[in-house]
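*Asks:* With the sequence up front, the predicted model follows.
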Amino acid sequence: MELLEVQIDPQLLNYRSDLEELSALLACFGYNIVPYRDAELPDFQSLPSNQRTDVSKALNIYLQTLKSEYMSGQFSGEKFVLQFLFRMGILPSEDLSGSIRNEKYIQIYSRDQLQIFRSLDCYERCSFTLEQLTTRPWFDLWSRDNLFYYALFGLASTALKFIKFTKIRLDFPHHRVTEQESFSNYSFDYKIKSLSGLTRQGKLQAALLIEDWKF
């Protein structure tokens, strides 16, 4: 009787392993974040091939950067952001370091509007899986009033059309957002304080958001 060989995608295995390792590492910082609901990782597998590659790469760099900060014994939120960008090959603006130094809530999104970085404080109000966070665009993660949804969607779409921009200061008021399809459906008051473009070889690669959360 011949044994059937089951071919398992190495990329899928690596991504799943990184999700599990990141979940364990976050627990060392006091955050209980589930890596995934389904070991087959349906959200990840539903992405186009090029996006799966980008998501897997960004997750591994995020994991390795956080691990390095943890092993140093002197965690710095500012250094965490800058080291992540350095490892991604993304060039921050000259004033970015000063802008993020005392900020708690920082998220970075790719050109596909997928999250590739979040500061540790963002896990304080989070019941998503790590798979959801890394594979779903921001507008599928949180629900909000239509007025703010269309304003933010328009802002994101417009910003992505620019080849390069440095920093946009925003004056949107706080508004209520609620997690979608998460374990606890957490809600909190949310505001974007500024939006900074991140480039590689002169081309826009991602956007860094400095935010304010109230809960």
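*Replies:* Structure's in. What do you need? Residues are numbered from 1 along each chain as shown.
*Asks:* Number of residues surrounding S143?
*Replies:* 16 (other Cβ atoms under 10 Å). C-beta here means a position set from N, CA and C on the backbone, and glycine is covered the same way.
*Asks:* Going forward, count from 471.
*Replies:* Happy to do that; since the first residue is 471 now, the last one works out to S613.
*Asks:* what's in contact with the helix or strand where it lies?
*Replies:* Take DSSP states H and E as the rule and S613 turns out to sit in strand 612-614. Strand 612-614 has contacts (Cβ atoms under 8 Å, 6 or more residues apart in numbering) with 622, 645-650, 660.
*Asks:* That one pairs with which strands?
*Replies:* Partners of strand 612-614 in the sheet, by DSSP bridges, are strand 645-649 (antiparallel).
*Asks:* Next SSE downstream of the strand it pairs with?
*Replies:* Counting by DSSP H and E, what follows strand 645-649 is strand 657-670.
*Asks:* for the record, mean pLDDT for the strand holding S613?
*Replies:* For strand 612-614, mean pLDDT is 89.
*Asks:* same check, this time on stretch 662-673
*Replies:* Here the average pLDDT along stretch 662-673 is 84.
*Asks:* what's the answer for stretch 522-534, then?
*Replies:* 98.
*Asks:* If you count neighbours, what's buried in that stretch?
*Replies:* In terms of neighbour count (16 or more other Cβ atoms under 10 Å), stretch 522-534 has its buried residues at 522, 524-526, 528-534.
*Asks:* before we move on, what about stretch 486-498?
*Replies:* 486, 488-489, 491-493, 495-496.
*Asks:* Can you list which of these are found in strands?
*Replies:* Using DSSP state E, the subset of the buried residues of stretch 486-498 located in strands is empty.
*Asks:* so what's S666 bridging to?
*Replies:* K637, L678.
*Asks:* Can you get me a residue count around it?
*Replies:* 22.
*Asks:* and what of P518?
*Replies:* 9.
*Asks:* Against L678, how distant is it?
*Replies:* As judged by Cβ to Cβ, to the nearest Å, P518 and L678 stand 24 Å apart.
*Asks:* now swap in C592 and tell me
*Replies:* Distance from C592 to L678, by Cβ to Cβ: 13 Å.
*Asks:* With neighbour numbers in mind, choose between those two.
*Replies:* Remark: of C592 and L678, L678 carries more neighbours, 23 against 18, as counted by other Cβ under 10 Å.
*Asks:* For Q521, which non-adjacent residue is spatially closest?
*Replies:* D582 (5.9 Å; Cβ to Cβ, 6 or more residues apart in numbering).
*Asks:* Touching, F587 and L533? I think so.
*Replies:* No: between F587 and L533 there is no contact under Cβ atoms under 8 Å: 11.2 Å.
*Asks:* would S526 count as being in a helix?
*Replies:* Yes: when DSSP: H, G, I helix; E, B strand; the rest coil is applied, S526 is found to be in a helix.
*Asks:* Enumerate every residue touching it.
*Replies:* With Cβ under 8 Å, 6+ apart, S526 has these contacts: 481, 484-485, 488.
*Asks:* 10 Å - rerun?
*Replies:* For S526, the contacting residues are 481-482, 484-486, 488, 514, 517, 604, by Cβ atoms under 10 Å, 6 or more residues apart in numbering.
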